[in-house]
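Q: Dropping a prediction and its sequence here:
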Amino acid sequence: MARLFLVRHAESEGNRDRVFTATPHVPLTERGRAQARATAAWLDANHRPGRIVSSPFARARETADIIGGRLQLPVAIEEDLRERDYGLLAGLPYATPRSDYDPLRYWLWRPEGGRAWSRWPPGSARCSTGWPPSRLRTTSSSFATAP
């Protein structure tokens, strides 16, 4: 049976600075690169994945490239693996007050001025990619079985 490992991007400049990411072009920090190398070493020693798929965002691609380099695997870019658009919060500190934010409904929350990357109707069940769970299951199966 195939296994699917989900690896979030390593520390980016936005994470380090504790701000909502304003652009998909935010790179990793040196600490983030070290985190990606450590993840690559762990995967290499324990699991040897057969495929790497990444978001098109720079921080995710850089993380995947570091892992792929260690595992000698190419990185496939999946354009639909995107996070939410933070709208008016982009570039502001995480601590910025958000009157419309409910942490129990995080996955349904959209900041003012933000737009959904999803092609599915508002209020439908989705994961952080904006995909409905059925698409995530189907897509993750194809990730695991594709050459």
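A: Now that the structure is in, tell me what you want to look at. Numbers count the residues shown, from 1 in each chain.
Q: Can I get the helix ranked longest in the chain in PDB, CA atoms only?
A: Secondary structure of the chain per DSSP state H: the longest helix is helix 30-46. Output of helix 30-46 as PDB, limited to C-alpha atoms (Å, rounded to 0.1, in the frame of the first residue of the first chain):
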ATOM      1  CA  GLU A  30      18.400  29.800   6.500                       C
ATOM      2  CA  ARG A  31      16.600  28.000   9.400                       C
ATOM      3  CA  GLY A  32      13.900  26.900   6.900                       C
ATOM      4  CA  ARG A  33      16.600  25.400   4.600                       C
ATOM      5  CA  ALA A  34      18.100  23.500   7.600                       C
ATOM      6  CA  GLN A  35      14.600  22.200   8.400                       C
ATOM      7  CA  ALA A  36      14.100  21.100   4.900                       C
ATOM      8  CA  ARG A  37      17.500  19.300   4.900                       C
ATOM      9  CA  ALA A  38      16.600  17.600   8.100                       C
ATOM     10  CA  THR A  39      13.200  16.500   6.700                       C
ATOM     11  CA  ALA A  40      15.000  15.200   3.600                       C
ATOM     12  CA  ALA A  41      17.500  13.200   5.700                       C
ATOM     13  CA  TRP A  42      14.600  11.700   7.700                       C
ATOM     14  CA  LEU A  43      12.600  10.700   4.700                       C
ATOM     15  CA  ASP A  44      15.700   9.300   3.000                       C
ATOM     16  CA  ALA A  45      16.600   7.200   6.000                       C
ATOM     17  CA  ASN A  46      13.100   6.000   6.900                       C
END
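Q: What lies in contact with whichever helix or strand comes after that helix?
A: As assigned by DSSP states H and E, the chain's next helix or strand after helix 30-46 is strand 52-54. Contact partners of strand 52-54, identified using CB atoms under 8 Å, 6 or more residues apart in numbering, comprise 60-61, 63-65, 67-68, 71, 73-78, 81, 143. Just so you know, the C-beta spots here come from the backbone N, C-alpha and C atoms, and that holds for glycine as well.
Q: just the strands in the chain please.
A: 52-54, 75-77 (DSSP state E).
Q: So which elements touch the longest helix of the chain?
A: Judged by 3 or more CB pairs under 8 Å, 6 or more residues apart in numbering; DSSP states H and E, helix 30-46 is in contact with helix 13-17, helix 58-71.
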